[in-house]
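Student: I would like to see how this sequence folds:
(chains A and B)
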Amino acid sequence: MNQITLGIAWNRLLAIVEEQAQVLMRTAFSTVVREAGDLSAGIFDTRGRMLAQAVTGTPGHVNSMAESVKRFLTEYPLNILMPGDVLLTNDPWDGTGHLNDFTVVTPVFSDGACIALFASTSHIADVGGRGFGADARDVHEEGLCIPITYLFRAGVRDETLLRIIQANVRDPVVAEGDLYSLTTCNDSGAVGLRRMLVDFPEIPFDQLADHIIETSRTAMRAEVSALPEGTWRYQMMIDGYDQPLLLTGSLTISEGSIHIDFAGSAPSSPWGINVPIAYTTAYAAFAVRCVIGNHIPNNAGSLEGITVVAPEGSVLNAQRPRSVSARHAVGQMLPDVVLGCLAQVIPDRVPAEGASCIWNPVFMDAGETGGNPRVERFVINPIFNGGTGARPGLDGLSATAFPSGVRSTSTEVNEVTSPLVIWRKELKPHSGGEGEYRGGDGQVIEVTHREGAAFRVSKMFDRVHHPARGREGGGDGQPGRVYLSSGTTLRGKGNELVPAGETLVLETPGGGGLGPVSSRLRS
Amino acid sequence: MSRLRLAVDIGGTFTDIVLAGEAQWHTHKLLTTHTNPASAVLEGVRHILALAKVKSSSVAVVLHGTTLATNALIERKGARTVLITTEGHRDVLEIGLENRFDQYDVFMRRPAPLVPRERRITVRERISATGGVLLPLTSAEVERVIDAAIHCQAESVAVGLLHAWRSPRHEEAIAAALRSRVPTMPISLSSEVCPEIREYERLSTTVANAFVQPLMAAYLNELQAGLRETGIAGPLLVMTSGGGLTSLEAAATFPVRLIESGPAGGAMLAAALARRSELSRVLAFDMGGTTAKLTLIDDGEPEWSRTFEVARAWKFRKGSGMPVRIPVIELVEIGAGGGSIAQVDRLGRIQVGPESAGSEPGPAAYHRGGVEPTVTDADVVLGRLSPERFAGGSITLAPDQSTHVIEARLGRPLGVDARTAAQGIIDTVDEHMAAAARNHAGEWGRDLTGRTLIAFGGSAPLHAVDLAIRLGINTAIIPVSAGVGSAVGFLLSPTAFEVVRSRHVLVDEADQAGLLELFERMRAEALDVVRPLVGDGRLRETRRAWMRYVGQGHEIPVTIPDGVDNLSVSLTAAFLAAYAAIYGRVIPGQSIEALSWTLALVGETPVIPDVSMSAAAHPASGSGLRKPVTGVVERSAVGRSHPLEGPILVVEDQTTTVVPQGWQVTADEFGQLVLMANAGRKT
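Tutor: Next comes the predicted model:
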């Protein structure tokens, strides 16, 4: 088999999953999927190995989905799957870490045998329970949990399951629409794959899978082997829910592999910020992948040489029935810990700490209308970002998501879909840390109710008490702030009331600086 | 009455001119004069008039397309622009969508906004999402921001206020005051340039318009004056990205609509050829030096869209450019052309583009210092290009240089000889284009199998059949004058203007009278532009609603049937049909909404006349072509009755058509080359 043809077939597979993700985004209903791109899509071989993923996906989804398909195959082995079957789950420990994420898996058949599986994940706006937020005390409070099961069986929709879902979520229209969207995008992947099999008759699919994984594994191993061996440690304190959490990581480079151990990190929290291990692994591995061998596509081969462990029962390896809804508020901080280790190995490739976790408040009505018929029920979940850490040779990016890959939502769209007015949303100059290279700036957002009514905000923010630290003499970024214009300070996490007539102010954190500011002044 | 028409297309490298008479068309190609583009145009016009032996006064109309606006945005050479925007939202342009378009590169850089922060002036005012006034705009505030704009030494002013798509009143008040203070100041209002929801995209479009406006207005006026001096009294019409011709005044007011006019011309050419040959399912393939463009043409029409991204600054990545929301012909553009550079990546895969060797230094074969192997070099090594005939003989190719760089950069790392590596380059670039075509067809729910490929542009005929095979297509057409396709396309484009409005409508509750009134106003606006150009000629009206299920974020265009009694019913039916065609399944019982409405008035589309093309005669020559090509045939030697069997090369000035084994070529009644897979061959 000629290597050039295999390379061309590999590119084809990457194009197929890109199209799969496009279809998902275009047909999705939840705002965070369709506007922000909180989704992922990929193709897996029959052993559950991820062969290709769309780069539009968010790393938290993708790398956890990479593990998830193996669990699907354990529950529903190949010998019982049939054409027309579509499986799904939103179990945080089988999927991507919280109930809002639905993962749908579709087997593809050729000549009567399953040859591959398409999987996709998207964040469905509401799954019942308390709603998206950090306030639940266990996972049962957080909404409906569906174990791995059939959505379609041999092409027939499972009406019972759908009725159960519709009866348990606040917006059944959106939930049903998004399940269709996930199914449709996997269908589109299957069409592309079948066409590919016709176009490349000389390449057995298993052989292509082996080629992709072996090539990626070898390339990643070569990248890691070029680094010095040893163990490096890094610690970072973050806000937590009601008390600070210590995140401790040690990173060992040995024989071409990287092992990350989060031993010493804080125990599980009684609140909904705990992280299932798949999501911990996803973000830790992402941090490695974006500074080491980032030209190698993400797949089972390139991920294989990165292993991640965290003590059972720690906040980074939470066990059922811990609450996990806002697991991103801790999970998205992990790349800073991993990069903090790597900065000691490859300082010329690693940015300083950044704002890191997205600021995605859930705004909703306060439940009472105060007699004003113009006060309506609403819920929106916009996304705001702080600044990223300064990069060697470059300032950080202002108001930019990292490590997450999502987009923000339009102010005008937010105002059309809610009675809120966003009076201010602009950069906060100099909120990034000073330095030879500055951290990216955060932004200031001011929100009121158009009718002057009260409203609620569910917060899952970090870096309010523990700002992004500068590196090599660079200054810290400014911390985030959450307050009312009347002066009252609100907490960084949890659901609170914004009283009638008040303006809520959010200041997203700045990124850390890199190098002493005197070097910047000199140049 | 004179029927002579002139078409002029200014491209990155060449300016193409076509003079269309009733019996004969003349073509001329000369180098673009970047410092003063009008000078090449005027020189070329004089030359072609002399060639055709006609008087300048007999030219009835000049049709013009140009990459000038695009280049000004890419090179950031435009007016010193000031943006006046709502207080509290000064950084909309800079914040963008807050995402990273290169997920795995921590060193990603975002291009700076066209207007830096110090020239983004905020004004105290606020319109609500429902169009009401939350904070009134005072006249003192208006004067203050105008002072500030003047203080910034503005050469062009963009006004982009929140929710101006819903109510333009504050933008209009600022414009009126600015006009009375500085009557000569160019002003771009977001409510006129792009009255659509989503502030980032609207402001990006408005600022892009303001940035190129003085330049384009000056250029178009200078060109018009130059044409008058040459003795051409007929009007100058300008090609838009939407595939229609518009007036000089409209073009100078909304120059952002001129982006991509060249590719639009190409698409219009392909559409006209499809109609003439009665081909209902076509894929247009335009491949030049740096990019390739693919357009689906069904029933003689391309698809239209309202989103486009210009000046992608980071590895040609989606998201790294400026979004513009304008009427555009829906096409996919790939960073793959003759000059695209090939390399072996660290995983041992050949990758081609998007980096291009351009025309300077160009492919290694140009022997002008190019050291990177390109697609053209691969074509040379495989003996698919005649060194003497390339680009009409203006450049003599050096095959040894191609062999040398391909061997060094690809052959050695891959452990293969230059021919195998060159074939790898061709396979990679063709598969890359095929992948883009498949993805694009998938987005629109279309199938590619069984289409006819229409290939034009300097590099397309070399790659047409290989691309066709990859897409399950077994017929390809190479039109006459493929090398000046865009300019020919202008001659085949109608006069047209499209108007857009955002208005949110739940389809079940559609206010029929209100919508008809909206269409009435849009029609009046479009008529203002189009009527003077067509006189009492017939106009065709197309109305589209941009629709989705309630809760979705992506709208699909749905053509509104003419003369319906009940808009709710007909919109629902039209949406469901369109949705099923794209995505395969509809969702039972979900509500449907429409967000934007477009109305286009389109004049009559010229038909392709039965004319001969002037072409310089060159002797057929196979000298210098490398093995294993068995036959080389001059294009004029390809006849209608006896098909020639591949493998052969059909050569002409500007380009070469590759006919591989298993395919045959004939000429059709229009002088086009028709390539077909031999019957029974599996594609």
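Student: How is the closest residue to A:Pro270 other than its chain neighbours classified with respect to secondary structure?
Tutor: Leaving out its chain neighbours, the residue that sits closest to A:Pro270 by Cβ to Cβ, 6 or more residues apart in numbering or on different chains is A:Arg137, at 6.0 Å. Where C-beta positions appear, they are placed from N, C-alpha and C, glycine not excepted. Of the three states, A:Arg137 takes coil under DSSP: H, G, I helix; E, B strand; the rest coil.
Student: Next one: A:Arg137 from chain B, what distance?
Tutor: 31 Å (Cβ to the nearest Cβ, to the nearest Å).
Student: after the helix-or-strand element of chain B with minimal mean pLDDT, next one along is what?
Tutor: Sorting the helices and strands of chain B by mean pLDDT, DSSP states H and E puts strand B:612-613 at the bottom, at a mean of 51. Once the chain leaves strand B:612-613, the next helix or strand it forms, by DSSP states H and E, is strand B:631-634.
Student: Quick check: next helix or strand after that following strand?
Tutor: Scanning forward in sequence from strand B:631-634 by DSSP H and E, the next helix or strand is strand B:644-645.
Student: just how off-centre is that next one within its chain?
Tutor: For strand B:644-645, the separation from the chain centroid amounts to 35 Å (computed by Cα atoms, centre = their mean, to the nearest Å).
Student: Adjacent strands (with direction) for the following helix or strand past that strand?
Tutor: Going down the chain from strand B:644-645, the next helix or strand is strand B:648-651, by DSSP H and E. Next to strand B:648-651 in the sheet, as set by DSSP bridges, lie strand B:631-634 (parallel), strand B:656-659 (antiparallel).
Student: Please name the spatially closest residue to the residue nearest the centre of chain A (chain neighbours excluded).
Tutor: Closest to where the C-alpha atoms of chain A average out (Cα atoms, centre = their mean) is A:Gly60, at 3.5 Å. Leaving aside its sequence neighbours, A:Gly60 sits nearest to A:Ala282 (Cβ to Cβ, 6+ apart; 5.1 Å).
Student: Which helix in chain A has the most residues?
Tutor: helix A:172-199 (DSSP state H).
Student: Looking at that helix now, give me its mean pLDDT.
Tutor: Across helix A:172-199, pLDDT averages out at 90.
Student: Let me know how buried the closest residue to B:Ala148 other than its chain neighbours is, in neighbour terms.
Tutor: Spatial nearest neighbour of B:Ala148, excluding adjacent residues (Cβ to Cβ, 6+ apart): B:Ile121 at 4.8 Å. Per other Cβ atoms under 10 Å in any protein chain shown, the neighbour tally for B:Ile121 reads 23.
Student: can you check B:Gly65 too?
Tutor: 30.
Student: rewinding a little: so which other helices or strands are in contact with the longest helix of chain A?
Tutor: Applying 3 or more Cβ pairs under 8 Å, 6 or more residues apart in numbering or on different chains; DSSP states H and E, we find helix A:172-199 packed against helix A:3-27, strand A:39-45, strand A:86-89, strand A:101-110, strand A:113-123, strand A:149-153, helix A:159-168, helix B:418-443.
Student: Please see if the fifth one touches chain B.
Tutor: No. Judged by Cβ under 8 Å from any Cβ of the partner chain, strand A:113-123 makes no contact with chain B; its nearest approach is 12.1 Å.
Student: Show the subsequent helix or strand relative to the top helix by length along chain B.
Tutor: For chain B, the helix reaching the highest residue count under DSSP H is reported as helix B:199-230. Downstream of helix B:199-230, the first helix or strand assigned by DSSP H and E is strand B:236-239.
Student: roughly how far is stretch B:113-132 from the heart of the chain?
Tutor: 30 Å.
Student: got the buried residues for that stretch?
Tutor: Buried residues in stretch B:113-132, defined by neighbour count with 16 or more other Cβ atoms under 10 Å in any protein chain shown: B:113-115, B:119-123, B:125-129.
Student: got the end-to-end distance for that stretch?
Tutor: 30 Å (Cα to Cα, to the nearest Å).
Student: The residue nearest to B:Ala148: which element?
Tutor: strand B:120-123.
Student: What parts of the stretch 301-450 of chain A come near chain B?
Tutor: Checking the stretch 301-450 of chain A against chain B by Cβ under 8 Å from any Cβ, the hits are A:349-351, A:383-385, A:391, A:393-394, A:397-402, A:405-408, A:410-413, A:415-416, A:421-427, A:443, A:446, A:450.
Student: Now for A:Leu394, how many residues are close by?
Tutor: Neighbours of A:Leu394 (other Cβ under 10 Å): 15.
Student: For chain A, give the residue positioned nearest to chain B.
Tutor: For chain A, the residue closest to chain B is A:Arg34, as judged by Cβ to the nearest Cβ, at 3.1 Å.
Student: tell me the domain boundaries of the chain?
Tutor: Because you didn't say which chain, this covers chain A. Chain A breaks down into these domains under automatic domain parsing: A:3-216, A:351-523.
Student: meant chain B, my bad for not saying
Tutor: With automatic domain parsing as the reference, chain B has domains B:4-73+B:216-251, B:75-211, B:340-427, B:496-602, B:621-677.
Student: B:Ala455 is nearest to which of those domains?
Tutor: domain B:621-677 (8.3 Å; Cβ to Cβ).
Student: looking at chain A, which helix or strand is least sure?
Tutor: Per mean pLDDT, DSSP H and E, bottom of the list for chain A is helix A:31-34, a mean of 76.
Student: still on that earlier bit, if I read this right, the residue nearest to the centre of chain A contacts A:Gly95, doesn't it?
Tutor: No. Contact between A:Gly60 and A:Gly95 fails when scored by Cβ atoms under 8 Å: they sit 11.2 Å apart.
Student: B:Tyr579 touches B:Gln590, doesn't it?
Tutor: No. If you go by Cβ under 8 Å, B:Tyr579 and B:Gln590 don't touch, sitting 10.0 Å apart.
Student: list residues touching both of those two?
Tutor: Listed as contacting both B:Tyr579 and B:Gln590 by Cβ atoms under 8 Å, 6 or more residues apart in numbering or on different chains are B:Tyr549.
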